[in-house]
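>>> please work out how this folds:
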Amino acid sequence: MSPPLDDLDALVRGPSPWLDGSGPKADIVVSTRVRLARNLRHVPFTHRARDEQLQGVMATVTGALQRAPSFSQGLLLKMTELGPVDRQVLVERHLVSHELGDGAKPRGIFIAPGERLSLMINEEDHLRLQAMASGIQPAEAWTAADHADDELGQSLDFAFSDEIGYLTSCPTNTGTGLRASVLIHLPALVLLQEIQKVLKSIMQVGLNVRGLYGEHSDVMGNLFQVSNQTTLGQSERDSIESLERVTRQVIETEERARERLVRDARIQTEDKVWRAYGILRYCRSIASQEVINLCSAVRLGVSMGLPGLCPLRVVNELLVLTQPAHLQRAHGGELTLAERNVYRAQLVRERLATAAREAGPAGNP
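Sure thing, here's the model as predicted:
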């Protein structure tokens, strides 16, 4: 049971439950996300609407949230009332897009306890409903999103065409309005230089591959975001099943690659893992991208069953908590780049030391 969200402080203090590493195949698939795009009938799309129309959307959607059981508890934030650091915190937690975080227009985000369900208001579309889950769980995330969508649909008049489906700002979302994705960790395929062949195969079957933070983001830490590409002419079930089928094929390919690393290059692989863990455990200054890349090696070591490493949950949490805005929020004020690197190293050391103490003597290398 997730604790209630009273304010942004409560959100930042608690780790995201979908990063707890408890889901199926969580050693390879970090998380699953299902997003639904919806717009209100008779209101221009966000990029064409006047501010007073967007204010009206905010008021209408807020009223619908109060009548929807799935949103009976949670935190509603108006982006215009947040400073740049707080807006970036939401981006780093994968709760809002860069567009919503950067905008000065009337926009908002509702976050349910546990962050498994959230709703962006006045992003590219009037509503962007998102469900998150640990590991590979597209069907489960879809069920949660679909249920919440049905509840909102009882109060809201969505823009819908009997011929093509839900009307959206971007034509690639028109139809079901569904975007399902997995964040998948593929270090063995990268180390064996087979990743490009796999990524090409993924795109050939109509799926998209992006970086850690989605569209226009770079690949870091051997983490890839794989999602469906089209929604028109496909049912939600088709999109979900296609993503799960391809993802499970990629998982099997990565698992075979990891087995080859253990069989043919075990010493070199373990050396890479322990060097990464050693840097994280004892560093005094470290950049965020280096943390992400080193955590990739540690995640690989955890999946290999190497004793003395921290739990998968801790590795996942570091991916978020060491980002610039989270560091400044935890510190209580702005930090220079050099100060962030020092504070980040301190946080990583403390987290790993705590994990080692909790593991006890049996967990030490």
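
>>> when you work out contacts or count neighbours from here on, use the C-alpha atoms and nothing else.
Noted.

>>> center of this protein - which residue?
Nearest to the mean C-alpha position of the chain, by C-alpha atoms, centre = their mean, lies His94 at 4.4 Å.

>>> could you identify the longest strand within the protein?
strand 29-38 (DSSP state E).

>>> adjacent strands (with direction) for it?
strand 127-134 (antiparallel), strand 178-185 (antiparallel) (DSSP bridges).

>>> any chance of TSV for those, columns mean neighbour count, distance to Val34 and mean pLDDT?
Below are those laid out as TSV (neighbours: other C-alpha atoms under 10 Å; distance: least, C-alpha to C-alpha, whole Å; pLDDT from 0 to 100):
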stretch	mean neighbour count	distance to Val34	mean pLDDT
strand 127-134	26	5	97
strand 178-185	26	4	96
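
>>> for those, give me a markdown table that also has distance to Ser201.
As requested, those are arranged in a markdown table below (distance: least, C-alpha to C-alpha, whole Å):
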| stretch | distance to Ser201 |
| --- | --- |
| strand 127-134 | 25 |
| strand 178-185 | 15 |
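
>>> these: which one's closest to Asp20?
Closest to Asp20 of the strands paired with strand 29-38 is strand 127-134 (C-alpha to C-alpha; 6.9 Å).

>>> so Leu76 sits in a helix?
No. Counting by DSSP: H, G, I helix; E, B strand; the rest coil, Leu76 is located in no helix; its state is strand.

>>> give me the element the residue lying closest to it once chain neighbours are set aside is part of.
Leaving aside its chain neighbours, Leu76 sits nearest to Phe110 (4.3 Å; criterion: C-alpha to C-alpha, 6 or more residues apart in numbering). Following DSSP states H and E, the helix or strand that holds Phe110 is strand 108-111.

>>> ok, now Val291?
helix 288-304.

>>> quick one: residues in contact with that helix.
In this structure, residues lying in contact with helix 288-304 by C-alpha atoms under 8 Å, 6 or more residues apart in numbering are 27, 185, 187, 220-222, 270, 272-274, 276-277, 280, 309-312, 315, 318-319, 322-324, 341, 344.

>>> out of those, which sit inside strands?
Residues of the contacts of helix 288-304 located in strands (DSSP E): His185.

>>> circling back to that earlier point, burial measure for the residue nearest to Leu76, as a count.
If you count neighbours by other C-alpha atoms under 10 Å, Phe110 ends up with 23.

>>> quick revisit: what are the buried residues along the strand holding Phe110?
Within strand 108-111, the residues scored as buried using 16 or more other C-alpha atoms under 10 Å are 108-111.

>>> tell me how far Arg87 lies from Asp102.
Distance, Arg87 to Asp102, by C-alpha to C-alpha, to the nearest Å: 8 Å.

>>> relative to the whole chain's centre, how far out is the helix holding Val291?
Between the centre of helix 288-304 and the centre of its chain there are 17 Å (C-alpha atoms, centre = their mean, to the nearest Å).

>>> and what of stretch 76-87?
Between the centre of stretch 76-87 and the centre of its host chain there is 19 Å, according to C-alpha atoms, centre = their mean.

>>> so for it, first residue to last residue, what's the gap.
13 Å.

>>> what is the rounded mean pLDDT of it?
Stretch 76-87 shows a mean pLDDT of 91.

>>> quick one, helices of the chain?
Taking DSSP state H to define them, one finds helices in the chain at 8-13, 51-67, 84-92, 98-102, 138-153, 187-191, 195-204, 236-264, 266-282, 288-304, 312-321, 324-331, 337-359.

>>> the fifth one relative to helix 51-67, how many degrees between them?
In this case it means helix 138-153. Orientation check (axes from the mean of the first three to the mean of the last three C-alpha atoms, to 10 degrees): helix 138-153 against helix 51-67 gives 110 degrees.
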